[in-house]
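Engineer: Have a look; sequence and predicted model below, questions after that.
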Amino acid sequence: MAEPLRDLPRTFRIYTILEVLAYLAVAGWAIGQIHPNVVAILVLIFAATGLIKPVTSPLGGIIDPNIGLIIIATLLWPPEDVLFGVGVGSFIGLILFRKNELWRAATNGAGWGLPAAAAAFVAHKVLPSTSPGLVWLAVAGVLAVATYRVINTGIFAIFRSLRFNRPVLPGWLQNIADNWTSQLLSAPLAIVLAAIAERTRGLESKFALTAAYMIALPIARQEYGYYIRSQQMLAEIVEAMVRALEGMHPTAREHGDRVSSLATEAGRRLGMSDRPLLALRLASRLHDVGLLAGPEGPGAEEHHSAVGSRVLGRFPDPLIAEYVRAHHERWDGKGVPDGKRGTAIPLGARILAAAEIYDSAIAGLPPYDAALSRQAAASYLISLAGTVLDPKVVMALLRVVAEQQDKLGAVG
């Protein structure tokens, strides 16, 4: 869906323009040092990456599996050529093949081109001037990955903060930490191809070996695709369980969806990475699944949170069961089923607990006899901070609630 830049928040528009201007300023400084033939080939190669469809993340946004291609470019070509090749080539590819808006293509081109040039600069500072061996290329490759990710994730953490109102530092640290294994595993092929290119020493072979990495991009995309499909299958299982729960408790679906939305956004604000966030989203939808075992009361052998965790223990990600089991624990240690206290309670469970209490209060669900106003529910949540709930989680959740209300007010 197209989003004209003029319709987006003013601070976001300013940041987008400044990012592109920063790229153009660096490009203007470097233009006298580029090799036109190298830049032309790199532009063609990186424009062609637009043909590889990105993978949609289960938590929103997209994943472009192009880091390996960027790394081989940083090892083989000077920073100035990489700056133009990655930035301009990606811009052209996004415009031609993905039909991106001009501003989106420009900000992505700048957001990939600047860190790629910095990674190339670091790599070439490490590499010997003549005949770098495989060991030196490996060291340079790892440093290039680290440099690229730190700068690239920083640029896009600010982007997401201004666009979606998320905190910058937790988002930046989360993105740096996520997927390190897959990012580093993308480097070996680039390093081997760079080693072969350095032995042959011809420009044509360097061009050919850089382009050869394009063959690996669909494979990388496929690996991401397998992961996404596995998450989709898990979501289908969750949906079946929600339907069963809805048969016993008609409000279960809407309650679970609202709790999931609140908890996931609060988790983002508290710096949770993608895997725990996804587990939290699913655990929030299924937090009452233990009620399927039958009515709960003083004579019940187990609390429904413990029953639910056993039901969910067969899921591939154990965090889902862990969050469900612990979401009735209390910050002061007087909760169930294990009497955990403070930070011994998993963060996802602490967030789920606060989100469930808030939504139950405003919806008038048990144990509340009548629905509370949003203001009264917020005051009630604050009164529980430090005893039942983690104070830090309460504050994060209430910020999410306030911003959602502001958006509804703006729309109204």
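Structural biologist: Happy to help now that I have it. Numbering: from 1, shown residues only.
Engineer: what about the strand or helix carrying residue 114, distance to the chain center?
Structural biologist: Following DSSP states H and E, one finds residue 114 within helix 102-126. When C-alpha coordinates are averaged (Cα atoms, centre = their mean, to the nearest Å), helix 102-126 and its chain have centres 20 Å apart.
Engineer: list the buried ones in the helix or strand following it?
Structural biologist: Using DSSP H and E, the helix or strand that directly follows helix 102-126 along the chain is helix 134-164. Of the residues in helix 134-164, those buried by neighbour count under the rule 16 or more other Cβ atoms under 10 Å are 136-138, 140-149, 151-163. Placement of C-beta: from N, CA and C, glycine included.
Engineer: Helix 134-164 packs against which elements?
Structural biologist: Other helices and strands packing on helix 134-164, by 3 or more Cβ pairs under 8 Å, 6 or more residues apart in numbering; DSSP states H and E, are helix 10-30, helix 67-76, helix 102-126, helix 168-177, helix 180-185, helix 187-200.
Engineer: what about residue 310, distance to residue 337?
Structural biologist: According to Cβ to Cβ, to the nearest Å, residue 310 and residue 337 sit 11 Å apart.
Engineer: tell me which residues in stretch 33-42 are buried?
Structural biologist: Those would be 34, 38-42, for stretch 33-42 by 16+ other Cβ under 10 Å.
Engineer: same check, this time on stretch 89-97
Structural biologist: 89-95.
Engineer: same check, this time on stretch 328-342
Structural biologist: Result for stretch 328-342 [16+ other Cβ under 10 Å]: buried residues 328-331, 335-338, 340.
Engineer: Could you tell me the angle between the host helix or strand of residue 206 and helix 187-200?
Structural biologist: Residue 206 is part of helix 203-212 when elements are defined by DSSP H and E. Helix 203-212 and helix 187-200 are oriented at 170 degrees to each other (axes from the mean of the first three to the mean of the last three Cα atoms, to 10 degrees).
Engineer: and helix 203-212, what does it pack onto?
Structural biologist: Helix 203-212 packs on helix 36-48, helix 67-76, helix 187-200, going by 3+ Cβ pairs under 8 Å, 6+ apart.
Engineer: Which one, of these, ends up nearest to residue 209?
Structural biologist: Nearest to residue 209, of all the helices and strands packed on helix 203-212, is helix 187-200, at 4.5 Å by Cβ to Cβ.
Engineer: And the closest one, what does it pack against?
Structural biologist: Where contact means 3+ Cβ pairs under 8 Å, 6+ apart, helix 187-200 is packed against helix 67-76, helix 134-164, helix 203-212.
Engineer: Now do the buried residues in stretch 359-375.
Structural biologist: For stretch 359-375, by 16+ other Cβ under 10 Å, it's 359-363, 365, 372, 374.
Engineer: for stretch 74-90, same thing?
Structural biologist: Across stretch 74-90, burial judged by 16+ other Cβ under 10 Å covers 74-90.
Engineer: before we move on, the earlier item: what does the helix holding residue 206 rub up against?
Structural biologist: 37-38, 41-42, 45, 69, 72-73, 76-77, 193-194, 196-197, 200 (Cβ atoms under 8 Å, 6 or more residues apart in numbering).
Engineer: one more time with 7 Å, if that's ok
Structural biologist: Helix 203-212 is contacted by residues 41, 45, 72-73, 76, 193, 196-197 when judged by Cβ atoms under 7 Å, 6 or more residues apart in numbering.
Engineer: Serialize those residues to a markdown table and add fields for distance to residue 22.
Structural biologist: Shown next, in a markdown table, are those (distance: Cβ to Cβ, whole Å):
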| residue | distance to residue 22 |
| --- | --- |
| 41 | 25 |
| 45 | 24 |
| 72 | 25 |
| 73 | 20 |
| 76 | 25 |
| 193 | 31 |
| 196 | 35 |
| 197 | 31 |
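Engineer: Now do the one helix or strand residue 80 maps to: which elements does it pack against?
Structural biologist: Residue 80 belongs to helix 79-96 when assigned by DSSP H and E. Other helices and strands packing on helix 79-96, by 3 or more Cβ pairs under 7 Å, 6 or more residues apart in numbering; DSSP states H and E, are helix 10-30, helix 36-48, helix 67-76, helix 102-126.
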